[in-house]
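# Could you look at this predicted model? Sequence included:
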Amino acid sequence: MYEAVCAHPDGDSTVARLAATAASAGYDGIVVRNWGATSADPDAVGADTDADVVRGTTVSVTDRAGASERIRRRRENAVVVAARASSPSLNRFVAESERVDVLAAPMADGGDVNHVIVKAARTHGVRLEFDFAGVLRASGGDRVQALRGLRKLRELVEHYDAPFVVSGRPASHLHVRSPRELVAVGAEIGFTDAQVRAGLREWTHLAARNRRRLSAEFIAPGVKRGRYEEDP
Amino acid sequence: MKHLPKHVRPRWRYLAVGIEAWPDAGIERSDFQRALWFAAGNLLGDPGSADAGVRVVAYSFRDGRGEALVRARRGTVSRARAAVACVSAVREHPVRVCVRGVSGTMRAARERYLDGLDTPERRSDVAFDGDARDGVCRGENVDVVAGDDGWVGARRRDCGTDGE
């Protein structure tokens, strides 16, 4: 199971500190999904801290015009690409972008989803994110809105069997919660244990799949190098 | 009041929790207890919170690190774990509270999961972001003062030559 984190300078802790904290909390690794670049070398940090560090990125989608190009450029340097949109129509744009792995926090900041967006995400293999940050760290009306958003998204995802990921979206090592704690919180807000665990494992699958695709041996989906017949 | 007979007394489980905060945070036991009650009340509601009956029964905190034993009614450990996970700040100090383990007696919880508080090393020459800063080192972990923005959590490998 992996956790998707925002590291320094976007967050308050460095990649190494987040990786060490995540490893002690029971994660196999972290996906660093900063808005910009981090100076940390994922391989070196991973070797130091017993946690796999995956290079990821988050693209802010505020208009359709340049978004595809921005996503394409970020895709070249990142293993996992998440995109965060600022309106329901842009959520749909992201859900229809096959270059994006994760539609991050689709219900936050005025965002919303409907059956069209969820079906588009399923068709194009874009994971919808269940963002637990609002449940873990907000209070009052903000928390109620976050809970309402999670419930709506969960009902749609269950109905259309869409792919999803789960994250506590930590921006500091103090925000990291163990998988068991996320499962316990999820159980209180209507998720099953299996859903939360599957959502945390989905980051692992995404990282492994994209690394395989980025490796030199990869030819095309479904195509493998086989044994050739030898000349008689 | 006379004690209840043993077979009708409530059964408790003890959650050993570790508390982590920035080094300048001062968190009293009463503050932590209040934050825990708020978290339980907000997440579980009044009936759920009363059922779980979470209470801090042992507590120590120094220099941004702490340990506590939290009592919860048997059968509500998962709900208590969820409430503990939702404690994200105490008196506006951000905190990380993690459950290290659960035992049936305070003694077992203490012996198995609580290992005392260490004393950090305070330095004024931590190299971070091309600058020499104040910092607090604990093993490989270094909390670095980041000007008016507060603190940055780092490791020794982030701080130039091993924090020297």
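Received, thanks. Numbering: from 1, shown residues only, chains lettered A, B, ... in the order given.

# where are the low-confidence patches of chain B?
B:149, B:160-164 (pLDDT under 70).

# How is it divided into domains?
B:11-113, B:121-158 (automatic domain parsing).

# Format these as JSON lines; extra columns: mean neighbour count.
The way it works is simple: take the backbone N, C-alpha and C, and place the C-beta from them, glycine included. JSON lines is the format used below for the domains of chain B (neighbours: other CB atoms under 10 Å in any protein chain shown):
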{"stretch": "domain B:11-113", "mean neighbour count": "18"}
{"stretch": "domain B:121-158", "mean neighbour count": "18"}
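
# now for those, which one comes closest to A:Leu18?
domain B:121-158 (7.8 Å; CB to CB).

# quick one: that closest one to chain centroid distance?
21 Å (CA atoms, centre = their mean, to the nearest Å).

# where does B:Val54 fall, phi/psi-wise?
Phi and psi for B:Val54, reported as degrees, to the nearest 10, are phi -70, psi 130.

# OK, contacts around the residue nearest the centre of chain A?
Geometric centre of chain A, nearest residue: A:Val102, 5.1 Å, by CA atoms, centre = their mean. Applying CB atoms under 8 Å, 6 or more residues apart in numbering or on different chains to A:Val102 gives the contacts A:4, A:80-83, A:126-129, A:165, A:206.

# Can you name the residues that contact the closest residue to A:Gly29 other than its chain neighbours?
Nearest residue to A:Gly29 in three dimensions, chain neighbours excluded: A:Asp52, at 3.1 Å (CB to CB, 6 or more residues apart in numbering or on different chains). A:Asp52 makes contacts with A:2, A:28-30, A:46, A:207, as judged by CB under 8 Å, 6+ apart.

# returning to that earlier point: with distance to chain A as extra columns, can I get the domains of chain B in TSV?
Output for the domains of chain B, formatted as TSV (distance: least, CB to the nearest CB, whole Å):
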stretch	distance to chain A
domain B:11-113	4
domain B:121-158	4
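
# With distance to A:Arg227 added, can I get these in JSON lines?
Output for these, formatted as JSON lines (distance: least, CB to CB, whole Å):
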{"stretch": "domain B:11-113", "distance to A:Arg227": "51"}
{"stretch": "domain B:121-158", "distance to A:Arg227": "44"}
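
# and B:Leu4, how many neighbours does it have?
Counted with other CB atoms under 10 Å in any protein chain shown, the neighbours of B:Leu4 add up to 9.

# quick one: it and A:Leu174, what's the gap?
As defined by CB to CB, to the nearest Å, B:Leu4 lies at a distance of 40 Å from A:Leu174.

# do the same with A:Trp35
20 Å.

# quick one, which of these two is more surrounded?
A:Leu174 (23 against 12).

# Relative to B:Ala154, how far out is that one?
Relative to B:Ala154, and taking CB to CB, A:Leu174 is found at 13 Å.

# which neighbours do these two share?
A:Ser13.

# List the residues that contact residue 123.
Using chain A here. By CB under 8 Å, 6+ apart, A:Thr123 has no neighbours at all.

# actually it's chain B I care about, not the one you picked
B:Arg123 touches B:134-137, B:163, counting by CB under 8 Å, 6+ apart.

# Next: A:Gly11.
A:Gly11 neighbours (CB under 8 Å, 6+ apart): A:5, A:18, A:34, A:170-172.

# rerun at 7 Å
By CB atoms under 7 Å, 6 or more residues apart in numbering or on different chains, the residues touching A:Gly11 are A:5, A:171-172.

# Any figure for the gap between A:Phe132 and A:Thr62?
25 Å.

# Going along the chain from the top strand by length along chain A, find the next helix or strand for me.
If you go by DSSP state E, chain A has its longest strand at strand A:52-61. Helices and strands here follow DSSP states H and E; after strand A:52-61, the next one along the chain is helix A:67-77.

# could you give the angle of whichever helix or strand comes after that next one to strand A:52-61?
Per DSSP H and E, the first helix or strand lying C-terminal to helix A:67-77 is strand A:80-85. Calculated by axes from the mean of the first three to the mean of the last three CA atoms, to 10 degrees, strand A:80-85 forms an angle of 30 degrees with strand A:52-61.

# Return the mean pLDDT over strand A:80-85, rounded to an integer.
Average pLDDT, strand A:80-85: 92.

# Which residues does it contact?
A:31, A:33, A:54, A:56-61, A:71, A:74-75, A:91, A:93-94, A:99-105, A:111, A:206-207, A:210.

# ok, which stretches of chain B are strands?
B:12-21, B:55-62, B:65-73, B:89-90, B:93-103, B:121-128, B:131-138, B:141-145, B:151-155.

# Quickly run through the sheet partners of the fourth one, with directions.
Paired strands of strand B:89-90, with direction, are strand B:93-103 (antiparallel) (DSSP bridges).

# swap in the third one?
The strands that strand B:65-73 pairs with in its sheet are strand B:12-21 (antiparallel), strand B:55-62 (antiparallel) (by DSSP bridges).

# can you put these in a markdown table and add distance to A:Leu182?
Below are the strands paired with strand B:65-73 laid out as a markdown table (distance: least, CB to CB, whole Å):
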| stretch | distance to A:Leu182 |
| --- | --- |
| strand B:12-21 | 16 |
| strand B:55-62 | 23 |
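
# out of those strands, nearest to A:Gln145?
strand B:12-21 (27.4 Å).

# and the closest one with strand B:141-145, angle?
Using the same axes, to 10 degrees: strand B:12-21 against strand B:141-145 is 50 degrees.

# Could I get the buried residue list for the helix or strand bottoming out on mean pLDDT in chain A?
In chain A, the helix or strand scored least confidently by mean pLDDT, DSSP states H and E is helix A:42-49, which has a mean of 75. Residues of helix A:42-49 classed as buried: A:42, A:45-46, A:48-49 (neighbour count, 16 or more other CB atoms under 10 Å in any protein chain shown).

# From the chain's centroid, how far away is stretch B:97-116?
With CA atoms, centre = their mean as the basis, the mean position of stretch B:97-116 lies at 12 Å from the chain mean.

# Other residues contacting it?
Here stretch B:97-116 has contacts from A:25, A:178, A:181, B:13-19, B:57-58, B:67, B:69, B:77, B:81, B:84, B:87, using CB under 7 Å, 6+ apart.
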